[in-house]
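J.: Using only what follows, build the 3D model:
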Amino acid sequence: MDIQPLSARTGETVVLETDFCCDVDDVAALSLLCGEERRHPGAFRLGAVSCNVQSPFVAAAVKVVLSAWGREDVPVAVTRDPLPNSGNRSAYLAGLAARWRGPEPPRTDPLDLWRRVLADAPDGSVSVVSIGFFNNLAAALADDPALFRRKVRCIWAMAGGFGKKDGYVEFNVKEYIGDTRSFLRGWDGPIVFVGSECGESIMTDLSGLPPECDGHPLVEAFRHFCGPCRIRSSWDPITVDLAVHGENELYELGPAGRVRVAPDGATPFAPDPDGNARVLHFRAPDDAVSDRITSLVRRAAGLPPREIADHP
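T.: Residues are numbered from 1 along each chain as shown. I've put the predicted structure just below:
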């Protein structure tokens with residue numbers, strides 16, 4: 001199972017699948033991915049951002065965040081699929097989009113973008129960081145299963161709930177449950193899951209910044225979404241961190257197995273030495289993981305570090 005982290009690769013293309021607008025942790029994740037791309041030149045490049053929720057603001061808002069790292073050249077696609085049950089209202093999206101001063105981003109269809117990415121990539125050179133729904137991924141896999149499997153090396157997905165009570169259905173799964181089930185049935189390559197239990201108590205802390213940081217798009221998005229506290233759970237930044245850096249003193253991957261979507265939407269994990277799935281677990285207390293994520297996100301965005309207390 002090839003789950004080598006992105007920082008250890010050469011010339012890897014990354015596609016970010018995101019429900020950009022539902023939660024502000026997507027903004028932190030995109031920021032972290034751009035920052036880590038700059039810190040690991042030649043290892044990987046962000047090749048595309050594929051948005052799996054439609055909104056008239058989302059493409060421009062993503063471009064604003066990309067432009068903070070000089071990556072406004074990255075193509076952005078936005079689905080035309082029906083809105084999920086959660087809708088597309090966002091506390092930060094319109095404000096970010098209003099900052100875009102370039103030409104209106106073209107309305108690119110995710111499937112067309114996926115076709116271009118896969119056609120241009122060498123075999124086994126595409127990685128996917130999925131921090132949203134599975135509708136675009138399901139369409140790309142169904143469009144040309146052999147091509148998708150040949151070009152895509154690994155998927156890191158913020159999805160599912162592991163160790164949760166019976167009947168728990170995670171947000172990224174349930175909003176497009178049919179597409180999630182279809183994709184997980186059809187994808188037999190490596191997939192690493194960051195379950196909801198890994199992010200809800202891990203905080204990205206952008207509090208206490210000096211006023212001159214208020215104009216940064218990440219800080220503005222956190223202010224609109226979180227209010228003056230500017231602290232939010234970190235499901236999506238953890239997924240990016242794991243994809244870029246892999247296991248470390250804080251993260252470990254469980255044994256191989258398989259994940260399916262049950263009839264009620266739950267995502268049971270079944271151990272299987274020949275399985276294609278691994279699940280993230282923490283080796284360290286939540287405070288230590290929060291410190292890491294906060295430090296990484298602030299560093300990526302060029303924001304001042306937070307004073308971090310020692311932990312026993």
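
J.: what about the protein, any weak spots by pLDDT?
T.: 164, 308-312 (pLDDT under 70).

J.: So which residue is dead centre in it?
T.: I131 (3.2 Å; C-alpha atoms, centre = their mean).

J.: what sits against it?
T.: Contacts for I131 (C-beta atoms under 8 Å, 6 or more residues apart in numbering) come out as 16-19, 25-26, 29, 157-158, 172, 235-236, 239-240. The way it works is simple: take the backbone N, C-alpha and C, and place the C-beta from them, glycine included.

J.: and if you look at R150?
T.: Contacts of R150 (C-beta under 8 Å, 6+ apart): D123, G124.

J.: Make sure it is indeed in a helix.
T.: Yes: under DSSP: H, G, I helix; E, B strand; the rest coil, R150 sits within a helix.

J.: rewinding a little: mind checking which of the contacts of I131 are in helices?
T.: Using DSSP state H, the members of those that fall in helices are D25, D26, A29, N172, W235, D236, T239, V240.

J.: okay, now the second one: neighbour count?
T.: Neighbouring residues of D26 were enumerated by other C-beta atoms under 10 Å; the total is 28.

J.: can you tell me how far it sits from L218?
T.: 11 Å (C-beta to C-beta, to the nearest Å).

J.: Repeat that for the fifth one.
T.: Using C-beta to C-beta, one gets 16 Å for the distance from W235 to L218.

J.: next one: the third one
T.: For A29, the distance to L218 under the criterion C-beta to C-beta works out to 10 Å.

J.: between those two, which one's more packed in?
T.: A29 (29 against 26).

J.: Hmm, the more buried one is touching R232, no?
T.: No: applying C-beta atoms under 8 Å, one finds A29 not in contact with R232, separated by 11.2 Å.

J.: Name the residues of stretch 87-103 that come out as buried.
T.: Judged by neighbour count using 16 or more other C-beta atoms under 10 Å, the buried positions of stretch 87-103 are N88, S90, A91, Y92, L93, A94, G95, L96, A97, R99, W100.

J.: any idea how far the nearest residue to the second one once chain neighbours are set aside is from F183?
T.: Distance criterion C-beta to C-beta, 6 or more residues apart in numbering; nearest residue to S90, sequence neighbours excluded, is C21 at 3.9 Å. Between C21 and F183 the distance, using C-beta to C-beta, works out to 21 Å.
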